[in-house]
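**Student:** just need the structure, nothing else, for what follows:
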Amino acid sequence: METLWSAPHGQYLCLDRVTGTLIDSASVGGLLPAFAPIPAHRSAALAARIAEIGERVRFLVPSHDPDAQGFD
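**Tutor:** All right, here's what the predicted structure looks like:
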């Protein structure tokens, strides 16, 4: 799981299994590890990320970061 962590995004990212690289998109998929046995500091970071997103949207949790260019 740690290889999926993105410090700039403050959450996990999804892995493109074809290219073997992280997908540079802060999607809801990167928040799902909150339901997995991850380190406490990552759980706290995800909770902070969800709270931060919650300040910018009407309904939690949006499919992508609402500040992302492709968010609609």
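**Student:** now the helices for this protein?
**Tutor:** 40-54 (DSSP state H).
**Student:** just the strands in it please.
**Tutor:** 5-6, 11-12, 15-16, 21-22 (DSSP state E).
**Student:** so of those, which one's packed in deepest?
**Tutor:** Of all the strands of the chain, strand 11-12 has the most neighbours on average by mean count of other CB atoms under 10 Å, namely a mean of 26. No exception for glycine: its C-beta is placed from N, CA and C like everyone else's.
**Student:** how about low-confidence regions in this structure?
**Tutor:** The chain contains no residues with pLDDT under 70.
**Student:** circling back to that earlier point, could you dump the strands of the chain into a markdown table with distance to residue 57 added?
**Tutor:** Shown next, in a markdown table, are the strands of the chain (distance: least, CB to CB, whole Å):
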| stretch | distance to residue 57 |
| --- | --- |
| strand 5-6 | 20 |
| strand 11-12 | 15 |
| strand 15-16 | 25 |
| strand 21-22 | 24 |
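**Student:** next, count neighbours for the closest residue to residue 23 other than its chain neighbours.
**Tutor:** In this structure, residue 23 finds its nearest non-sequential neighbour in residue 14, 4.7 Å apart by CB to CB, 6 or more residues apart in numbering. Neighbours of residue 14 under the rule other CB atoms under 10 Å: 16.
**Student:** ok, residue 50 next?
**Tutor:** That count, for residue 50 with other CB under 10 Å as the rule, works out to 16.
**Student:** again, but for residue 27
**Tutor:** By other CB under 10 Å, neighbour count at residue 27 equals 19.
**Student:** show me what the nearest residue in space to residue 32 that is not next to it in sequence is bridged to.
**Tutor:** Using CB to CB, 6+ apart and skipping residues adjacent in sequence, the residue nearest residue 32 is residue 12, 7.9 Å away. Bridge pairing for residue 12 (DSSP bridges) gives the partners residue 5.
**Student:** quick one: closest of the strands of the chain to residue 30.
**Tutor:** The closest of the strands of the chain to residue 30 is strand 11-12. By CB to CB, the value is 4.2 Å.
**Student:** no more questions from me, cheers.
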